[in-house]
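> let me see the structure of the following:
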Amino acid sequence: MDFKKQLQTKEDCIQFISNLCIEGLDFHFDDDPLDLSCFTKVEAVDVKHRIKECFSLLDDPFTYLLEAK
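Numbering: from 1, shown residues only. Down below sits the predicted model:
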């Protein structure tokens, strides 16, 4: 997965969340990706930015996470 790609639309965010689930990398978005062993430090920093973007663009990213599972 490309964690560096900025999410600019609602659809980008939904696809990002879905891809996390498909790859088995989904996690509770209140958790810090830096604390998770499934991401390198570089990836975790990028994921953290992507999750912030999801919260900016989506009303409730948790809903999409649950739907994607």
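> contacts only, for the closest residue to residue 23 other than its chain neighbours.
Among residues not flanking residue 23 along the chain, residue 1 sits closest, at 5.8 Å (CB to CB, 6 or more residues apart in numbering). In this view, the C-beta of every residue, glycine as well, is placed from N, C-alpha and C. Neighbour list for residue 1: 19, 20, 23, 25 [criterion: CB atoms under 8 Å, 6 or more residues apart in numbering].
> which of those has the largest number of neighbours?
residue 20 (21 neighbours; other CB atoms under 10 Å).
> for residue 23, phi and psi?
Main-chain dihedrals, residue 23, degrees, to the nearest 10: phi -80, psi 0.
> how far away is it from residue 38?
According to CB to CB, to the nearest Å, residue 23 stands 9 Å off from residue 38.
> so what sits against both of those two?
Counting by CB under 8 Å, 6+ apart, nothing touches both residue 23 and residue 38.
> surely residue 62 meets residue 29?
Yes. Taking CB atoms under 8 Å as the definition, residue 62 is a contact partner of residue 29 at 6.5 Å.
> the two - which one has more neighbours?
residue 29 (18 against 14).
> now the more buried one: how far from residue 17?
Here the criterion is CB to CB. By it, residue 29 lies 9 Å from residue 17.
> what sits in contact with each of the two?
Counting by CB under 8 Å, 6+ apart, the residues touching both residue 29 and residue 17 are 54, 61, 65.
> most neighbours among these, which one is it?
Neighbour counts for those peak at residue 54, which has 22 neighbours (criterion: other CB under 10 Å).
> could you dump the worst-scoring helix or strand of the chain on mean pLDDT to CSV, C-alpha only?
Taking mean pLDDT, DSSP states H and E as the measure, the chain has helix 61-68 as its least confident helix or strand, at a mean of 95. The C-alpha coordinates for helix 61-68 follow below in CSV (Å, rounded to 0.1, in the frame of the first residue of the first chain):
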residue,chain,number,x,y,z
PRO,A,61,-14.4,7.3,9.6
PHE,A,62,-15.2,4.6,12.2
THR,A,63,-18.4,3.8,10.3
TYR,A,64,-16.5,3.1,7.1
LEU,A,65,-14.0,1.0,9.0
LEU,A,66,-16.8,-1.2,10.4
GLU,A,67,-18.4,-1.5,7.0
ALA,A,68,-15.1,-2.5,5.4
